[in-house]
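*Asks:* when you get a sec, could you give me coordinates for this:
(chains A, B and C)
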Amino acid sequence: MKRKILAGAAVAMSMTIALTACSGSSGSSGSQSAKALTWGMWIAGNADQAAWQKVADAADADQSGLKVTIQGAPFNDYWTKLRTQLSTGSAPCIVSLQSLRAANYTDQLVAIDSLAKKNDTDLSAYDTTALNGMKVDGKLYALPYDTGPYLMFYNKDMFEAAGVAEPKPGWTVSQFEAAGAALKAKGKTLFASTAEDLGLESSILAYNDGRVISEDGTLNATDPKFEKGLDWLASLVKKGYALPASADGSNDDNEFVSGQAATYTDGPWSLITQKAKAKFDLGVTTLPVGDSTQTTFSAGSGFGISKQCKYPDQAYKAIVSMTSEKTLGELAAKGRAFPGRTAVQKDWFDNAKIDGAQDVFATALKGAVPLPGNKNSDQLGQLFAQYGIQAVNGQQSGSQVMTQISSQLPK
Amino acid sequence: MTTTSVAPPTPAAPAAATAISERKQDRDGDGQGRRSWWGFAFAGPHTIGLALFTVVPIVASLVISFNNWPLLGAHTFVGFGNYAQLLADPIFRTVILNTFLFTILYVPLNLIVSLGLAAWLTPKIRHRHIFRVLFFIPTVTPIVANVVVWRMLYQPGGAIDASVQTVFGFHAPNFLADANWAMIAVVLMSVWQGFGYNMLIFSAALDSVPENLVEASELDGAGAWTTFWRIKFPLISPSVFFATMMTLITSFQVFVQPFILTKGGPGSSTLTLVQFIYNQGFQYQQLGLASAGAWVLFIIILGITAVQFIGQKKWVHYE
Amino acid sequence: MSSGIGVRPRTAAAPTRPVKKRVVQRTTGQRVKSTIGYVILCLIALAFISPLIYMVATSLKPAAETFTTPPTLWGSAIVWQNYVDAFTYLPFARFLVNGLFVAIAGTAINMAVAVLSGYAFSRLRWRGRNTVFVLFLATLMIPQDVLVIPMYVMMQGFGWVDTFQALIIPWAFTALGAFLLRQFFLTVPQELDDAARVDGAGTVRTFFLVMLPLARPTLAVLAVFSFITYWNSFLWPLIVVNDVNAHGTIPLGLQQFFGQQGSQWNLVMAASVISMVPTVILLILLQRHLVKGIVTSGLGGR
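*Replies:* The predicted model follows:
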């Protein structure tokens, strides 16, 4: 009997080796052809899918019969999947990228500078901040479709009910805390805390210039200023000005929309959907500024080309069409994205119909700096969700938490 | 595909016992009747499928675990390097501790609740089938749906917090964001959704305890409690044994509950072994490390099972 | 099958039982006690089920009222629209169809191979039978999570990543079914085979005409278990499905509600209720079969 088991094991082993040998060679990248390209995108629902389908259809603007098929995944899973797909040779041709995460993927992306030159693309029509966000080590990896400074959304009705003056663009941390005290006196809470990377990093940048990723993109997880910033966020929770953070990144959005907190932080890409969801008058302002010259991070998203794409020329033409003035104008009109092209940004404001939004953006952009990417920014985001909440909720100090986080990041 | 839930202890184990005991009498299938090729034909499809999709992957997993195997690029043989790296990793140690902590809390609670309710739901209880169905519902509901409801209950401002505030005037703990509470919250939710299976098994076992034995015991003046432990429990002990074993095995594989409730946080207080494997494999693309983690899981399970089988002689009574 | 008394009919409880057997007569005190016990049991059941009630209630609330202090069960209005929105916000109908397709196809394959192998392991004589069976047993100890990584590599090799095959095939050969069926076939009296053989039926005819019909209740149990594991599976689809809107199943769809747009709890709850419906219907329809199956397949009452 032993002999048989051995024989069986040998067969299993040889099959294993045969299989793993297969996996070494890169698989097919879906069913791509010069006329049919796949496009990976984060999709949040049917409405989202429909809006992006329009963009996919727009890819065919000046080519005959090009078909772009969306491969949609939820935002959080998208990055895990993209990494896996890029590594296994099954990535879509066109990939969507967020500026702060672009650096994680550049080893598997096509630098598109030469393609832009070859096709005489007028890159100056794109928003400069947005375009710079898509550059890693000076090379361009994607054409931006949206951009924007991280902002603070507020509930006008709650401010009014508490007798607090509405925040003006450029308001300060002390004004912010005063509003917190006034709301607390009425039994309300000012701020919905978050432990999401963009939210934490932007709020703290505006508070005291603290940052975990320095301007050149290197990781500095134990920046003492950033740790102090975390302690400040914790003090807001402790004083009762802010609700505690949750591991769920969408928790603060939800608390704000349901009227549990008067403010929270988010990007312009969410503004119009949140306005539609909210049953109150929604306002937007800049992040409260403390002792800082840089007042917020700007971030954006765009479309790039994976190295596995066999038809980079077609894909490039597709992403140009997908970020054309017309397409982005339509997206802006639907409120999906604050356009990455300056010419159509006005459409977005017209559609948002939020008083003073243009001023807010102007003020925010004056002090905004792009959030640089880093190869570990995905991991950092995951660690913030796990450990960051302990800092914000005051269970551990900022420095304790950042020490733990940095111990898990590669040196 | 029990990967998704802590719950269902697969009911196969008793069959295992008979198979093994039978094997002693019936060496290799040459019992009565003539041998034929039909056996191969009938067992063939299942055997081939199982070999291809279980035996091959488990062997492959072992091979991968001895290699530095990124998803992309060449793999190199590293011997026990991955295992050494895991054992030196403080996070991995935390993960192992968390998984054991979950098991130590979850398994006894699950068994107490399921055995208690099964004992309570005697045939004398009116509409017992309705109760059985009720207690079984969470077991068959997609675990993601269960977890989502509980996240809503646990949330600050959610039903539990709001009730505590209304009744007592202070906030309930922030269960999922408090390192002291998160694991307890995950365990409670898991027991709620997972005990129905064991309850059904125990209930069926208890039903087949001969009535005359129970009545004889009652005649002797024994109360319900004594009767249960003296008469019923020994008779159902094989079922309890196998339920315990399968619950243990599945509880080491807990994943969805912490993955959706807490993402392993706060800190690493609810990070479990399977989430660690998932993270290593699909976030950091270190298949070698992930497979080594998976084999550590497998070895733990084998060890626990072996201990159980040795220990069973003390309390499990086969007729 | 001497142990099969487990599923005695419900009516076997006190009322119809001959009085002489009930040696201990119930006193008034005991009756009060048992009533109190029953009330407590009902309360426990209610507390137990309350998360599900809360789920249903929330699924009918207006969006802004999902979190309130003090908590309320019902919102200011019953919003059936949430169910419509759940279906329109995400391609939920698609997830349902995908989930049903994957679960039914997987279950069918599982039942087909398991009934054949269960028969082979119990009533056919062949070389190496018990060795193979013990190997089957051993595979049950393997946690599926250990297989996930090589399985993914294998799916890549087959070109099956992001396909329905990948969701269905790898888990259709779990050994559980073979055990259930083997246990069942062992209880079928040998005389039945002999009679069929006397009538001139061969192995195949005996199997299809005599054995398969007998095995229906056990197959039903296997079907339920298999369907439920497919329907609820999360980790594997999470790994192997890339295009959620095309190949996503219900658990993935539910998770997708926590997208970038923030959690819409009332819709999530509506979707959760929808996701519960198929398995709960199965459970209610087959609950007696289930208990019976657990007994006859050798789980309880040994």
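*Asks:* which residues in the stretch 101-250 of chain A form helices?
*Replies:* For the stretch 101-250 of chain A, the helices defined by DSSP state H, counting those that start in this stretch occupy A:113-118, A:128-133, A:156-161, A:173-185, A:197-208, A:224-239.
*Asks:* I'd like to know which elements the last one is packed against.
*Replies:* Applying 3 or more Cβ pairs under 8 Å, 6 or more residues apart in numbering or on different chains; DSSP states H and E, one finds that helix A:224-239 makes contact with helix A:173-185, helix A:197-208, strand A:242-243, helix A:389-392, helix A:398-408. To be clear about C-beta, it is placed using only N, CA and C from the backbone, and glycine gets the same treatment.
*Asks:* just say which of these is most tucked in.
*Replies:* helix A:389-392 (a mean of 29; mean count of other Cβ atoms under 10 Å in any protein chain shown).
*Asks:* is any residue of that one near chain B?
*Replies:* Yes - taking Cβ under 8 Å from any Cβ of the partner chain as the criterion, helix A:389-392 and chain B are in contact, through A:I389, A:Q390.
*Asks:* please state the offset of that helix from the chain centre?
*Replies:* Distance of helix A:389-392 from its chain centroid, counting by Cα atoms, centre = their mean, to the nearest Å, is 21 Å.
*Asks:* low pLDDT regions in the stretch 1-150 of chain C?
*Replies:* C:1-26, C:64, C:69-70 (pLDDT under 70).
*Asks:* chain neighbours aside, what residue packs nearest to the residue of it found nearest chain A?
*Replies:* Distances between the stretch 1-150 of chain C and chain A by Cβ to the nearest Cβ are smallest at C:Y89, namely 4.5 Å. Closest residue to C:Y89 in three dimensions, ignoring its sequence neighbours and counting by Cβ to Cβ, 6 or more residues apart in numbering or on different chains: A:G45, at 4.5 Å.
*Asks:* re earlier: got CSV for the helices and strands packed on helix A:224-239, with mean pLDDT and distance to chain C too?
*Replies:* Putting the helices and strands packed on helix A:224-239 into CSV (pLDDT from 0 to 100; distance: least, Cβ to the nearest Cβ, whole Å) gives the following:
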stretch, mean pLDDT, distance to chain C
helix A:173-185, 92, 16
helix A:197-208, 92, 12
strand A:242-243, 92, 11
helix A:389-392, 90, 16
helix A:398-408, 90, 21
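*Asks:* any chance of JSON lines for these, columns distance to B:A179?
*Replies:* Shown next, in JSON lines, are the helices and strands packed on helix A:224-239 (distance: least, Cβ to Cβ, whole Å):
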{"stretch": "helix A:173-185", "distance to B:A179": "26"}
{"stretch": "helix A:197-208", "distance to B:A179": "19"}
{"stretch": "strand A:242-243", "distance to B:A179": "18"}
{"stretch": "helix A:389-392", "distance to B:A179": "7"}
{"stretch": "helix A:398-408", "distance to B:A179": "11"}
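*Asks:* give me every residue in the stretch 201-350 of chain A lying close to chain C.
*Replies:* So the stretch 201-350 of chain A meets chain C at A:248, A:250-251, A:253-255, A:257-260, A:270, A:273-274, A:277, A:279 (Cβ under 8 Å from any Cβ).
*Asks:* try 6 Å this time
*Replies:* Contacts of the stretch 201-350 of chain A with chain C, taken as Cβ under 6 Å from any Cβ of the partner chain, map to A:S250, A:D253, A:N254, A:S258, A:T273, A:K279.
*Asks:* what helix or strand is the spatially most central residue of chain B located in?
*Replies:* Chain B has B:T250 as the residue nearest its centroid, 2.3 Å off, counting by Cα atoms, centre = their mean. Element membership of B:T250, judged by DSSP states H and E, is helix B:233-251.
*Asks:* counting by contacts, list what that helix packs against.
*Replies:* helix B:90-120, helix B:182-207, helix B:287-315 (3 or more Cβ pairs under 6 Å, 6 or more residues apart in numbering or on different chains; DSSP states H and E).
*Asks:* per-residue confidence for the residue in the stretch 251-400 of chain A positioned nearest to chain C?
*Replies:* In the stretch 251-400 of chain A, no residue comes nearer to chain C than A:D253, which is 3.4 Å away by Cβ to the nearest Cβ. Model confidence at A:D253, given as pLDDT, is 84.
*Asks:* after the host helix or strand of it, which helix or strand is next?
*Replies:* Using DSSP H and E, A:D253 falls within helix A:251-257. Note on helix A:251-257: by DSSP H and E, the next helix or strand toward the C-terminus is strand A:263-266.
*Asks:* next SSE after that next one?
*Replies:* helix A:271-277.
*Asks:* how far away from the center of its chain is the next helix-or-strand element following that next one?
*Replies:* Sequence-wise, the next helix or strand downstream of helix A:271-277 (DSSP H and E) is strand A:282-285. Taking Cα atoms, centre = their mean, the mean C-alpha location of strand A:282-285 is offset from the chain mean by 20 Å.
*Asks:* next: stretch B:256-275.
*Replies:* Worked out by Cα atoms, centre = their mean, stretch B:256-275 lies 17 Å from the chain centre.
*Asks:* ok, now stretch A:351-363?
*Replies:* Relative to its chain's centre, stretch A:351-363 lies at 21 Å (Cα atoms, centre = their mean).
*Asks:* phi and psi next, for the closest residue to B:R126 other than its chain neighbours.
*Replies:* Of all residues not flanking B:R126 in the chain, C:Y38 sits nearest, at 7.1 Å (Cβ to Cβ, 6+ apart). Torsion angles at C:Y38 (phi, psi; degrees, to the nearest 10) stand at phi -60, psi -40.
*Asks:* run a quick neighbour tally on C:Y38.
*Replies:* Residues lying near C:Y38 (other Cβ atoms under 10 Å in any protein chain shown) number 15.
*Asks:* kindly report the same for B:F100.
*Replies:* 15.
*Asks:* ok, it - contacts?
*Replies:* By Cβ atoms under 6 Å, 6 or more residues apart in numbering or on different chains, no residues touch B:F100.
*Asks:* any stretches of chain A with poor pLDDT?
*Replies:* A:1-32, A:62-64, A:411.
*Asks:* domain ranges for it?
*Replies:* Following automatic domain parsing, one finds the domains of chain A at A:36-148+A:300-352, A:151-298+A:376-408.
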